[in-house]
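Q: Take this sequence and fold it.
(chains A, B, C and D)
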Protein chains: 2
Amino acid sequence: MGMKNKPYLTHSTAPERHCSVSTLSKVEGLTPKQEKVLNFIRKRIGERLPPTIREIAGELGFKSTGTVRDYLKALQQKGLVRRMNNKSRALELTERASCNKIPIIGTIMAGKPNLAYEEIQGYVDVDNLFLGRLGFDDVFALRIKGDSMIDAGILDGDVAIIKKQPYAENNDIVAALLNDNEVTLKRLARKGNKYHLEAANPNYPPIFEEFKIIGKLMTVIRKY
Amino acid sequence: MGMKNKPYLTHSTAPERHCSVSTLSKVEGLTPKQEKVLNFIRKRIGERLPPTIREIAGELGFKSTGTVRDYLKALQQKGLVRRMNNKSRALELTERASCNKIPIIGTIMAGKPNLAYEEIQGYVDVDNLFLGRLGFDDVFALRIKGDSMIDAGILDGDVAIIKKQPYAENNDIVAALLNDNEVTLKRLARKGNKYHLEAANPNYPPIFEEFKIIGKLMTVIRKY
DNA sequence: TGACAAACCACACATTTGTGTGGTATATCT
DNA sequence: AGATATACCACACAAATGTGTGGTTTGTCA
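A: Residues are numbered from 1 along each chain as shown, chains lettered A, B, ... in the order given. Have a look, this model is predicted:
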């Protein structure tokens, strides 16, 4: 009955990930109804608990589970949804249907009132962007202080996502622990067969003192 | 049986969110076994499909569902997990147990074998970092081509997250549409009471031709 | 007209899944 | 010694859930 938009888990801390990609119906050849089903699935996956077939039926007002299965079959055929047999809630969005992604635009057509994406080169996956295939265990973040890496495009205040590892290769940008227990982000450089640290800023001298590599720079994020 | 670490959904595009915060057991008063259960739940929620009780039992090697229920009860009492009755897979992590955040480290103590976070300045919330309070519909991404913004620390290949808006303020970095339908990222500048676009690179001249602002730079992301 | 897809429904059945009861063993604390 | 918590197990039952079969209606396209 009228439970529209009620979060499934009462105390959910999950972000609202529901996103109706308004152009998807045309792009992907979805009917409006199919898009509604897909959007509900999106929403619930965003809330961290995919729906059961009967929950979809309830939300969309269908009286038969068979109806939902027809929709799921259609969405599967169109490559937007994947399922596992005989597993409850085993619904997954494909790359194309995922709503955790922000389109990367190449060219944009200026339609009169709105914009139309002309060329979508790909998608930024919000979840994977930092981590790639890493787990949360494997990384930490540093907030950059100072301008010692400015020539590498790493500015004061940027957040650096560091993959924990006690080694790195020549020329990698690494988070290193100095003797005073300070962490610094520098480029790993080799002179002969000894490694040292170099800033990306001519005003800073290379560091030849003892250091310990604690991780390797994976991602830089800057907010404006 | 030995299905350790096998992704649950074969073609899963979901990130591996499994994160055993190694200090959690002490902080939260968890036993090692309880932490293992929690970490498996974390992992599977990260893969977008919370586990059933029997799946937990299978993973951890328990032969009885009752065992798992004992663990869930303990985790619930310790405020790390929430559940719904009679709903399959209805497992949710609380704020404290959630693993969507990456700690931002200030100083780091070098313990003998491992590192200990000395000063956690805050957390990077993976879900909200790009968007803040924006929805997925309000943004798009541009992949930076060229070095015209290099002095602003925006390099070739970086991904720029743009908030859609047809206006901006002086000195904002904006995504602008030029006459040839090309999108470009430049700094909005004012001369008298006319706006034009400026690169952040002395090799590029300012752009005085007609343009249309399509959005404002919110975030820059660079992967290594 | 016929073929086809979309969009529904009913209902039975099998499997999955959560729940409940009642155990055993071990260690710790009082 | 008794109370308590952890750490398991077996088994039965009920509820939730996925599956399968077989329909009806409507519109579109050839």
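Q: Show me how the record splits chain A into domains.
A: For chain A, the domain assignment from automatic domain parsing gives the residue ranges A:24-99, A:136-221.
Q: out of these, nearest to residue B:85?
A: Closest to residue B:85 of the domains of chain A is domain A:24-99 (CB to CB; 13.9 Å). For the C-beta atoms, the positions are set from N, CA and C on the backbone; glycine is no exception.
Q: before we move on, back to that, please convert the domains of chain A to JSON lines, extending it with mean pLDDT, distance to residue B:88 and mean neighbour count.
A: Listed next are these as JSON lines, based on pLDDT from 0 to 100; distance: least, CB to CB, whole Å; neighbours: other CB atoms under 10 Å in any protein chain shown:
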{"stretch": "domain A:24-99", "mean pLDDT": "86", "distance to residue B:88": "4", "mean neighbour count": "17"}
{"stretch": "domain A:136-221", "mean pLDDT": "87", "distance to residue B:88": "26", "mean neighbour count": "17"}
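Q: Make a markdown table from those and add distance to DNA strand C to it.
A: A markdown table is the format used below for the domains of chain A (distance: least, CB to the nearest atom of the strand, whole Å):
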| stretch | distance to DNA strand C |
| --- | --- |
| domain A:24-99 | 3 |
| domain A:136-221 | 24 |
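Q: Which stretch among the ones you listed approaches chain B most closely?
A: Ranking the domains of chain A by proximity to chain B (CB to the nearest CB) places domain A:136-221 first, at 3.1 Å.
Q: so where's the longest helix in chain A?
A: Longest helix of chain A, by residue count under DSSP state H: helix A:32-46.
Q: is that helix anywhere near DNA strand D?
A: No - if you take CB under 7 Å from any atom of the strand as the test, helix A:32-46 misses DNA strand D, and the best it gets is 11.4 Å.
Q: packing partners for that helix?
A: Using 3 or more CB pairs under 8 Å, 6 or more residues apart in numbering or on different chains; DSSP states H and E as the contact criterion, the elements in contact with helix A:32-46 are helix A:24-28, helix A:53-60, helix A:65-77, strand A:91-93.
Q: So what are the sheet partners of the shortest one and their directions?
A: Okay, so that is strand A:91-93. Partners of strand A:91-93 in the sheet, by DSSP bridges, are strand A:81-83 (antiparallel).
Q: Turn the domains of chain A into CSV, columns for distance to residue B:212.
A: CSV is the format used below for those (distance: least, CB to CB, whole Å):
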stretch, distance to residue B:212
domain A:24-99, 24
domain A:136-221, 27
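Q: Taking helix A:53-60 as reference, get the angle to the longest helix of chain A.
A: Relative orientation of helix A:32-46 and helix A:53-60, computed by axes from the mean of the first three to the mean of the last three CA atoms, to 10 degrees: 120 degrees.
Q: between helix A:32-46 and helix A:65-77, what angle do the directions make?
A: Using the same axes, to 10 degrees: helix A:32-46 against helix A:65-77 is 90 degrees.
Q: Could I get the CA-only coordinates of helix A:32-46 as PDB?
A: Taking C-alpha atoms only, helix A:32-46 is exported to PDB below (Å, rounded to 0.1, in the frame of the first residue of the first chain):
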ATOM      1  CA  PRO A  32       8.500   4.200 -18.900                       C
ATOM      2  CA  LYS A  33       7.300   1.300 -16.800                       C
ATOM      3  CA  GLN A  34      10.500  -0.600 -17.100                       C
ATOM      4  CA  GLU A  35      12.400   2.500 -16.100                       C
ATOM      5  CA  LYS A  36      10.200   2.800 -13.000                       C
ATOM      6  CA  VAL A  37      11.100  -0.700 -12.000                       C
ATOM      7  CA  LEU A  38      14.700  -0.100 -12.700                       C
ATOM      8  CA  ASN A  39      14.700   3.100 -10.700                       C
ATOM      9  CA  PHE A  40      13.100   1.400  -7.700                       C
ATOM     10  CA  ILE A  41      15.800  -1.300  -7.900                       C
ATOM     11  CA  ARG A  42      18.400   1.500  -8.100                       C
ATOM     12  CA  LYS A  43      17.000   3.200  -5.100                       C
ATOM     13  CA  ARG A  44      16.900   0.100  -3.000                       C
ATOM     14  CA  ILE A  45      20.400  -1.000  -4.000                       C
ATOM     15  CA  GLY A  46      21.500   2.500  -3.000                       C
END
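Q: Sounds good, over and out.
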